[in-house]
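Q: Could you look at this predicted model? Sequence included:
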Amino acid sequence: MRKLITVLAAGLCIGGIALLATSAQAQSVPFKHHRKLPVMTLAIGIHTVHAEVAANEANRQQGLMHRTSLGPNEGMLFVFDESAQHCFWMKNTKLPLSIAFIDDNGTITDIAEMKPETMANHCPTQAGRYALEMNRGWFAAKGIQPSMAIGGLPAWQETFR
């Protein structure tokens with residue numbers, strides 16, 4: 001009986017530790033685990049970005065809505081099925097963001113600053129297949145401008161669905 005109690009107590013302690021660890025993780029989970037979207041590593045000049053990939057309609061529509069934080073080099077990459085002038089707005093988005101619009105060749109065509117919780121459209125001047133959202137001011141702080149290339153983008157045929 002004593003052995004059984006010891007085993008049960010040990011199991012409860014281990015379970016309690018697991019519960020504590022799970023609670024701690026839930027409070028500090030990086031955004032990239034928020035919806036279990038794939039994460040890609042992109043390169044812009046000497047800078048590295050860890051971007052969650054939104055490559056289907058539902059994930060693109062959700063975007064970064066309701067998020068309260070992003071890490072310093074984390075963002076969201078939107079991948080579209082067709083090259084077009086895809087516009088963005090900030091409905092239900094609590095974070096101030098910057099967006100880089102990217103053409104089929106991986107070249108940044110435009111960068112826009114977006115205010116949270118607004119419906120103002122932010123549209124590129126040229127057609128593109130990608131857009132990268134980062135914390136507001138990230139591109140400017142890193143010296144990243146239109147005409148720069150982004151490495152590591154998925155081929156547009158990749159689906160991530």
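A: Okay, I see it.
Q: Could you tell me the model confidence score at the residue nearest the centre of the chain?
A: What sits nearest the mean C-alpha location of the chain, by Cα atoms, centre = their mean, is residue 76, with 2.7 Å. Listed pLDDT for residue 76 reads 97.
Q: now residue 4
A: On the pLDDT scale, residue 4 gets 34.
Q: repeat for residue 154
A: pLDDT, residue 154: 87.
Q: and residue 60, that's in a helix?
A: Yes: under DSSP: H, G, I helix; E, B strand; the rest coil, residue 60 sits within a helix.
Q: Residue 124 touches residue 109, doesn't it?
A: Yes: using Cβ atoms under 8 Å, residue 124 is in contact with residue 109, at 5.4 Å. Heads up, the C-betas are built off the backbone N, CA and C, glycines and all.
Q: Overlap of the contact sets of these two?
A: residue 101 (Cβ atoms under 8 Å, 6 or more residues apart in numbering).
Q: Between these two, point out the one with more neighbours.
A: Taking other Cβ atoms under 10 Å, residue 124 and residue 109 do not tie; residue 124 has more neighbours (23 against 18).
Q: dump the residue contacts of that one.
A: Contacts of residue 124 (Cβ under 8 Å, 6+ apart): 85-87, 101, 109-110, 131.
Q: Using ChimeraX, make a named selection holding only the buried ones among these.
A: With 16 or more other Cβ atoms under 10 Å as the criterion, this ChimeraX line picks the buried residues out of the contacts of residue 124:
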select :86,101,109,110,131
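Q: and the contacts of residue 124, which of them are in strands?
A: 101, 109-110, 131 (DSSP state E).
Q: Would you map the strands across this structure?
A: 39-44, 47-54, 74-84, 97-102, 108-114, 128-135.
Q: Pick the most buried one from those.
A: strand 97-102 (a mean of 26; mean count of other Cβ atoms under 10 Å).
Q: thought residue 117 was touching residue 96?
A: No: Residue 117 lies out of contact with residue 96 (Cβ under 8 Å); the separation is 9.7 Å.
Q: ok, now how distant is the closest residue to residue 130 other than its chain neighbours from residue 121?
A: Leaving aside its chain neighbours, residue 130 sits nearest to residue 102 (3.9 Å; criterion: Cβ to Cβ, 6 or more residues apart in numbering). According to Cβ to Cβ, to the nearest Å, residue 102 stands 18 Å off from residue 121.
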